[in-house]
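Q: starting from these lines, generate the structure:
(chains A and B)
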Number of protein chains: 2
Amino acid sequence: MSSACCSATGASQAQPFSSAREARQAIRRGDWVRHTSGLAPRNAQANLAILPEKLAADFLRFCQRNPKPCPLLAVSETGDPFLPTLGEDIDIRGDVPLYRVWRNGKLVEEVTDITPFWRDDLVSFLLGCSFSFEHALIDAGIELRHVTQGRNVAMYRTNIETIPAGPFHGPMVVSMRPMTPANAIRAVQLTSRVPRVHGAPVHLGDPALIGIADIMKPDFGEAVEILPGELPVFWACGVTPQSVVMSMSPEFCITHAPGYMLITDILNSDLSLG
Amino acid sequence: MSSACCSATGASQAQPFSSAREARQAIRRGDWVRHTSGLAPRNAQANLAILPEKLAADFLRFCQRNPKPCPLLAVSETGDPFLPTLGEDIDIRGDVPLYRVWRNGKLVEEVTDITPFWRDDLVSFLLGCSFSFEHALIDAGIELRHVTQGRNVAMYRTNIETIPAGPFHGPMVVSMRPMTPANAIRAVQLTSRVPRVHGAPVHLGDPALIGIADIMKPDFGEAVEILPGELPVFWACGVTPQSVVMSMSPEFCITHAPGYMLITDILNSDLSLG
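A: Numbers count the residues shown, from 1 in each chain, chains lettered A, B, ... in the order given. Predicted coordinates for the structure are as follows:
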């Protein structure tokens, strides 16, 4: 996968929809088969993984044990496509603009509606997205280089091992945003308030300390320049659970396509502790 | 001055006094003419500057404009030696173990009681001390190298200018504590909660960016080793106001002697925002 993360690009653009619900309705009708970056910017967007029930308990355990890369916003009932805690009308079978269908760890199809693939044993997992905290950082006057440059955020596999659960295990993936030391300190403060969207950074400074050999060669996304006097700041990334799921080649799995997220009714401000 | 900061050394030692008040009473009797490090570790200790009233308004303005190095815990009434908001029985004329008396910017005497020097135009300023947050860091399992090594914390003049007020101006002095990136992130979180004792760091990483030429040559205190994989983390330091006051050579001034602080009735936990 190239990236499950979205970018805050375009947040200040004119909004094509007046609400998250209106955006989802357009998406459900098939009128918006594009990435969701910048749509309903006050609302939290979510990463999606749909797994057969027989993997659900272990995946839940995995998320519980690794809350920074896997901040669970919602878990559906088995076989139930609705997610009432994220929005009363959400039907996960059509409310994401683009899905990826995987069999035995291989991508077999990209579709805009998964109704034909739905099964009574499927469980949907919705995980928080750094999108939410990127808006808070930008609002605080912190430049996000990848946003300024219109790129996807740079992501890296690290030597930080997740805590395994059943068949799920593997290294943490992190996203990196370069910033001045003063902004890094401010970013720790701001993102500490939002543990449900990855929370505080997991590392800052020397990339080699977390197993990143070349900061200009990210494993996912695009490299961005680190200016003199800046530090790279690393957050646990929502690509981690997808990477972990894919590495154990589940018989069947559905995810969102990178950048094509579920837009929820939850306000980013409601995810903040303070 | 060598250092106005105290160190958390000895916090875990057996306590010679059962309360802050008992410690102050021993100090007032002249039975404890030693530094206050480790005494009443749950209680906030304070830096002291006593200035003539004609400088008070400008010094108050200076503290208001520079809250990170100059977090005011209390300001007395003019000519009044009592500080009821810090402890009902506090008499600033005898409750600090050792004072320094300055005339025209020169240290003229070190005394254990300033009653003979008291004037009706004096105003006492009590400023928060990093001592309070050092306990929080140690309690969180973060090693403080200077504490481990039994040294005074390393302090540096920086190129960060304070915001001037009247005759008061000059560079910010910072204290430095080396730690791993993960601990630096945790330390930002913990110290952000205590703005009245310097709050979050002002810098981390490359010392040259804030005008520190040689990290092994502090301007005050003692150098400590920075281990491979560690970052220097810099906090605004209570030495700043003393440095600023001395540089304008006031006609008359009294301060505490470095490390010989006022022990207040305020609990460190009461200074925490969360």
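
Q: for the closest residue to chain B within the stretch 51-200 of chain A, which non-adjacent residue is spatially closest?
A: In the stretch 51-200 of chain A, the residue found nearest to chain B is residue A:188; the distance is 4.1 Å by Cβ to the nearest Cβ. Where you see a C-beta, it was placed from the backbone N, CA and C, and this is true even at glycine. Leaving aside its sequence neighbours, residue A:188 sits nearest to residue B:188 (Cβ to Cβ, 6 or more residues apart in numbering or on different chains; 4.1 Å).

Q: check contacts around that neighbour.
A: A:185, A:188-189, A:192, A:200, B:200-201 (Cβ atoms under 8 Å, 6 or more residues apart in numbering or on different chains).

Q: just the pLDDT for it.
A: pLDDT for residue B:188: 96.

Q: now swap in residue A:151 and tell me
A: 85.

Q: all helices for chain A, in order.
A: Counting by DSSP state H, chain A has helices at residues A:20-29, A:53-65, A:131-139, A:145-148, A:181-192, A:239-247.

Q: how many other residues sit next to the closest residue to residue A:87 other than its chain neighbours?
A: Counting by Cβ to Cβ, 6+ apart, residue A:265 is the residue found nearest to residue A:87 once chain neighbours are left out, at 3.7 Å. Per other Cβ atoms under 10 Å in any protein chain shown, the neighbour tally for residue A:265 reads 19.

Q: for residue A:265, which residues are in contact?
A: With Cβ under 8 Å, 6+ apart, residue A:265 has these contacts: A:20-21, A:43, A:86-88, A:90.

Q: same deal with residue A:163?
A: Residue A:163 sits next to A:62, A:65-66 when contact means Cβ under 8 Å, 6+ apart.

Q: going by neighbour count, which of the residues you listed comes out on top?
A: For these, the largest neighbour count, defined by other Cβ under 10 Å, is 26 neighbours, found at residue A:62.

Q: residue A:100 is in contact with residue A:110, isn't it?
A: Yes - the pair residue A:100 / residue A:110 is scored as a contact, 5.6 Å apart, by Cβ atoms under 8 Å.

Q: got any residues that touch both of these two?
A: Taking Cβ under 8 Å, 6+ apart as the criterion, residue A:100 and residue A:110 both touch residue A:257.

Q: which one's more surrounded, those two?
A: Neighbours around residue A:100 and residue A:110, counted as other Cβ under 10 Å, are more numerous at residue A:100. The numbers are 21 against 12.

Q: what bridges to the more buried one?
A: For residue A:100, the beta-bridge partners are residue A:110, residue A:255 (DSSP bridges).

Q: got the contact list for residue A:76?
A: So residue A:76 contacts A:82-83, A:92, A:123-125 (Cβ under 8 Å, 6+ apart).

Q: which residues touch stretch A:94-102?
A: If you take Cβ under 8 Å, 6+ apart as the criterion, stretch A:94-102 is touched by A:1, A:24, A:27-28, A:32-36, A:48, A:107-115, A:117, A:246, A:250, A:252-257, A:260-263.

Q: endpoint to endpoint, that stretch covers what distance?
A: 17 Å (Cα to Cα, to the nearest Å).

Q: any idea how far the closest residue to residue A:39 other than its chain neighbours is from chain B?
A: With Cβ to Cβ, 6+ apart as the criterion, residue A:39 has its nearest non-adjacent residue at 5.1 Å, and that residue is residue A:23. If you measure residue A:23 against chain B using Cβ to the nearest Cβ, to the nearest Å, the figure is 34 Å.

Q: residues touching residue A:23, list them.
A: For residue A:23, the contact set (Cβ under 8 Å, 6+ apart) comprises A:16-17, A:32, A:36, A:39-40, A:263.

Q: swap the cut-off to 10 Å and go again
A: By Cβ atoms under 10 Å, 6 or more residues apart in numbering or on different chains, residue A:23 lies in contact with A:15-17, A:31-32, A:36, A:39-40, A:43, A:95, A:97, A:263.

Q: make CSV out of those and add neighbour count and pLDDT.
A: As requested, the contacts of residue A:23 are exported to CSV (neighbours: other Cβ atoms under 10 Å in any protein chain shown; pLDDT from 0 to 100):
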residue, neighbour count, pLDDT
A:15, 16, 79
A:16, 14, 87
A:17, 16, 91
A:31, 12, 95
A:32, 21, 94
A:36, 24, 89
A:39, 26, 88
A:40, 24, 90
A:43, 25, 93
A:95, 24, 98
A:97, 26, 97
A:263, 29, 97
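
Q: before we move on, the earlier item: in ChimeraX, how would I select just the buried ones from the contacts of stretch A:94-102?
A: The buried residues among the contacts of stretch A:94-102 can be selected in ChimeraX (16 or more other Cβ atoms under 10 Å in any protein chain shown) with this line:
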select /A:24,27,28,32,35,36,48,111,112,113,114,117,246,250,252,253,254,255,256,257,260,261,262,263
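
Q: one step back: out of the contacts of residue B:188, which is nearest to residue B:234?
A: Taking Cβ to Cβ as the measure, residue B:234 lies nearest residue B:201 of these, at 5.7 Å.

Q: pull the number of nearby residues for the closest one.
A: For residue B:201, using other Cβ under 10 Å, the count is 26.

Q: wait, it sits on residue B:183?
A: No - with contact defined as Cβ atoms under 10 Å, residue B:201 does not reach residue B:183; the gap is 11.8 Å.

Q: where do the contact lists of these two overlap?
A: Common contacts of residue B:201 and residue B:183 (Cβ under 10 Å, 6+ apart): B:177, B:233.

Q: break down the stretch 101-250 of chain A into its strands, ranges please.
A: With DSSP state E, counting those that start in this stretch as the definition, the stretch 101-250 of chain A shows strands at residue ranges A:106-111, A:122-128, A:154-161, A:171-179, A:203-204, A:231-236.

Q: which one of the ones you listed lies nearest to residue A:211?
A: Smallest distance to residue A:211 across the strands of the stretch 101-250 of chain A (Cβ to Cβ): 2.9 Å, for strand A:154-161.

Q: elements contacting that closest one?
A: The helices and strands touching strand A:154-161, judged by 3 or more Cβ pairs under 10 Å, 6 or more residues apart in numbering or on different chains; DSSP states H and E, are strand A:171-179, strand A:231-236, helix A:239-247.

Q: please consider this matter closed, and thank you.
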